[in-house]
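[1] please work out how this folds:
(chains A and B)
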Amino acid sequence: EAAVTQSPRNKVAVTGGKVTLSCNQTNNHNNMYWYRQDTGHGLRLIHYSYGAGSTEKGDIPDGYKASRPSQENFSLILELATPSQTSVYFCASGEGLGGRDTQYFGPGTRLLVL
Amino acid sequence: QQKVQQSPESLSVPEGGMASFNCTSSDRNFQYFWWYRQHSGEGPKALMSIFSDGDKKEGRFTAHLNKASLHVSLHIRDSQPSDSALYFCAASGGNYAQGLTFGLGTRVSVFP
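    From the prediction side, this is the model:
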């Protein structure tokens, strides 16, 4: 089974500060994804990547940047954190089967922006 | 409006009983569907995918897809306390992986 890890697991940040969430996968999957989960909105796609060096905008990219420096690592960057970005963030990886890509999720990072 | 809608929002099932819940999409671009399960404090985990019309059975879980109506259902036979969780329907379409569109989930509680 796919192994996806995230760090940190919990983070408290101040408004206007920079936050970096990290994700690592050990299954050599091509695709990686960042979602956020909020009550009333479910899981929403922020950014995704098809491989090292690539990043694509998802459905709600505003206020977020992404970086994929290697096959294994995918980061989500909040340059100027705002309280509206308080959420639980999930990273996922997928084999790269096009639209049929089953995604494997990490355990999540709980972010609180004060 | 949610492109993937789930019902009911929650349900309670006796241990050993059958849990059934539904998912409907309003986007005809969606061709591929998944059911994910999320236990409290964990990430979602894929239960099963379904891409063709009809039934797909994996153990105690059976999914049904009707592509004409974009309706997917999940049935859990012989429900166990460990099945208590949030169940998401997710959909995608096309030839390129562009992420999944999730419904809001159905919360299932299995009581003894």
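[2] quick one: A:Ala66 is in a strand?
    Yes - under DSSP: H, G, I helix; E, B strand; the rest coil, A:Ala66 sits within a strand.
[3] if I look at it, how far off is A:Leu76?
    Per Cβ to Cβ, to the nearest Å, A:Ala66 is found 6 Å from A:Leu76. Glycine gets a C-beta too; all of them are placed from N, C-alpha and C.
[4] list the residues that contact both of those two?
    Shared contacts of A:Ala66 and A:Leu76, defined by Cβ atoms under 8 Å, 6 or more residues apart in numbering or on different chains, comprise A:34, A:46-47.
[5] buried subset of those?
    A:34, A:46-47 (16 or more other Cβ atoms under 10 Å in any protein chain shown).
[6] show me where chain B has strands.
    Under the criterion DSSP state E, chain B contains strands at B:4-7, B:10-14, B:19-25, B:32-38, B:45-50, B:54-58, B:61-66, B:71-76, B:85-92, B:101-102, B:106-111.
[7] what are the ranges of the strands in chain A?
    Secondary structure of chain A (DSSP E): strands at A:4-7, A:10-13, A:19-25, A:31-38, A:42-49, A:56-57, A:65-67, A:73-78, A:87-94, A:103-105, A:109-113.
[8] ok, and what's touching stretch A:14-30?
    Outside stretch A:14-30, the residues touching it (Cβ under 8 Å, 6+ apart) are A:2-8, A:11, A:13, A:32, A:34, A:50-51, A:71-83, A:85, A:89, A:91, A:93-96, A:104, A:106, A:109, A:111, A:113-114.
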